[in-house]
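> Just to be clear, the model below is a prediction. Sequence and coordinates:
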Amino acid sequence: MIDIATLRKSYERAELDEAASDPDPMHQFAAWLEQAIAARLPEPSSMTLATVGSDRRPSTRIVLVKAYDARGIVWYTNYESRKGRELAAHPVAALQFHWVELERVVRIEGAVEKVTEAESDAYFATRPLDSRIGAWASPQSQVIASRAVLVANAARYGARFMLKPPRPPHWGGFRLRPDVWEFWQGRKSRLHDRLRYRLEAGGWLRERLAP
């Protein structure tokens, strides 16, 4: 058995200071995401989404960011999935991006709302055909007997909709409106750089946190 307690890594790729960071956290995020994409990292748009259920138990899963602007961060999913039900009951969440190769983490917290139906329709129309059929075929987060259920559902909905499956009424987007951001850059000797932005009086307060 590998002794994981002995695993070590020294973080020495970059630094993050107040002078070099953008006063607007969305602009800082956009710059880091673009650098992750330019570096050809695997799944640079993947993020961990954390929600809380009615039983007060937190749960996490990986989703893909599909849009971001001054209004917030957008992803798409099945509204009847576990995360969809939890967000309906408790419309707050946390997101985390971890770009391992760049030794960077971005954490985001805030209230969550559904995007407009027009936004969901527009994005759904851009998805590959098999993904659009899959949105109908998968009763996400529900117990199924076997994979054969998914295959049969996909065949049935494929035959029903052919090349033009509409967006399912239970499928669409969520937008997280950030009120807290944290940008983490790994540094040597575990003296990491952490800059937090908090929304205060309509503006962003930037402050350094101890690692």
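The structure has been received and is ready for your questions.

> Would you map the strands across this protein?
46-52, 58-64, 67-69, 72-78, 92-99, 104-114, 171-185, 193-200, 203-208 (DSSP state E).

> Below-threshold pLDDT in the protein: ranges please.
Applying pLDDT under 70 to the chain flags no residue at all.

> returning to that earlier point: let's have the strands of the chain in JSON lines, adding mean neighbour count and distance to residue 165.
The C-beta positions use only the backbone N, C-alpha and C, and glycine is treated the same way. Shown next, in JSON lines, are the strands of the chain (neighbours: other Cβ atoms under 10 Å; distance: least, Cβ to Cβ, whole Å):
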{"stretch": "strand 46-52", "mean neighbour count": "18", "distance to residue 165": "25"}
{"stretch": "strand 58-64", "mean neighbour count": "13", "distance to residue 165": "20"}
{"stretch": "strand 67-69", "mean neighbour count": "15", "distance to residue 165": "21"}
{"stretch": "strand 72-78", "mean neighbour count": "21", "distance to residue 165": "14"}
{"stretch": "strand 92-99", "mean neighbour count": "19", "distance to residue 165": "28"}
{"stretch": "strand 104-114", "mean neighbour count": "19", "distance to residue 165": "21"}
{"stretch": "strand 171-185", "mean neighbour count": "20", "distance to residue 165": "11"}
{"stretch": "strand 193-200", "mean neighbour count": "17", "distance to residue 165": "39"}
{"stretch": "strand 203-208", "mean neighbour count": "14", "distance to residue 165": "41"}
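
> shouldn't residue 195 be in contact with residue 204?
No: using Cβ atoms under 8 Å, residue 195 is not in contact with residue 204; the gap is 10.8 Å.

> ok so, going back, compare the strands of the chain and report which one is nearest to residue 3.
Smallest distance to residue 3 across the strands of the chain (Cβ to Cβ): 23.8 Å, for strand 92-99.

> which other residues reach that closest one?
32-33, 36, 41, 44, 46-52, 73, 87, 104-112, 176 (Cβ atoms under 8 Å, 6 or more residues apart in numbering).

> rewinding a little: let's have the strands of the chain in JSON lines, adding distance to residue 16.
Output for the strands of the chain, formatted as JSON lines (distance: least, Cβ to Cβ, whole Å):
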{"stretch": "strand 46-52", "distance to residue 16": "19"}
{"stretch": "strand 58-64", "distance to residue 16": "24"}
{"stretch": "strand 67-69", "distance to residue 16": "20"}
{"stretch": "strand 72-78", "distance to residue 16": "20"}
{"stretch": "strand 92-99", "distance to residue 16": "13"}
{"stretch": "strand 104-114", "distance to residue 16": "8"}
{"stretch": "strand 171-185", "distance to residue 16": "4"}
{"stretch": "strand 193-200", "distance to residue 16": "4"}
{"stretch": "strand 203-208", "distance to residue 16": "9"}
